[in-house]
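[1] Generate a structure from the sequence data that follows.
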Amino acid sequence: MIRRSPTLIPMSDMDVQDIRDMVTNQKSNALGQQQLTTKMRRLAENPGMVKDDYDMLLHLNKTDKEKEKAQRLGLDA
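    Numbering: from 1, shown residues only. Below is the predicted model of the structure:
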């Protein structure tokens, strides 16, 4: 196998910080999605209407609005 030297991309400190911020944001989004999935699974196992159902609906609406706003502003990368 022929080895070649890695391609180096010139990056400034701001580019590196932007990437770090993006990774942190993606990790927090994944964690939030995981927590939401866990909460939805728990609510699905208990079909009775409780206060958590209303809270979940409010949370989903808020999340959808935030995603729409970010997409409109071009922040959704």
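[2] Tell me which other helices or strands the lengthiest helix in the chain touches.
    As assigned by DSSP state H, the longest helix anywhere in the chain is helix 13-45. The contact analysis (3 or more C-beta pairs under 8 Å, 6 or more residues apart in numbering; DSSP states H and E) places helix 13-45 against helix 51-72. Glycine gets a C-beta too; all of them are placed from N, C-alpha and C.
[3] Which elements pack onto the helix it packs on?
    In terms of contacts (3+ C-beta pairs under 8 Å, 6+ apart), helix 51-72 is packed against helix 13-45.
[4] residues of the helix it packs on that come out buried?
    Residues Leu43 are the ones in helix 13-45 that count as buried (16 or more other C-beta atoms under 10 Å).
[5] SS state for Thr7?
    For Thr7, the assignment made with DSSP: H, G, I helix; E, B strand; the rest coil gives coil.
[6] what pLDDT does it get?
    pLDDT, Thr7: 81.
[7] What about it, how many residues nearby?
    5 (other C-beta atoms under 10 Å).
[8] Tell me how far it lies from Gly48.
    58 Å (C-beta to C-beta, to the nearest Å).
[9] Next, the angle from the longest helix of the chain to helix 51-72.
    When axes from the mean of the first three to the mean of the last three C-alpha atoms, to 10 degrees is applied, the directions of helix 13-45 and helix 51-72 differ by 150 degrees.
[10] next one: helix 13-45 to chain centre, how far?
    4 Å (C-alpha atoms, centre = their mean, to the nearest Å).
[11] can you check stretch 30-47 too?
    On C-alpha atoms, centre = their mean, the centre of stretch 30-47 falls 15 Å from that of its chain.
[12] What lies in contact with it?
    For stretch 30-47, the external contacting residues (C-beta atoms under 8 Å, 6 or more residues apart in numbering) are Val50, Asp52, Asp53, Met56, His59, Thr63.
[13] ok, and the closest non-adjacent residue to the last one?
    Across the structure, with C-beta to C-beta, 6 or more residues apart in numbering as the measure, the residue nearest Thr63 apart from its sequence neighbours is Leu36 (7.9 Å).
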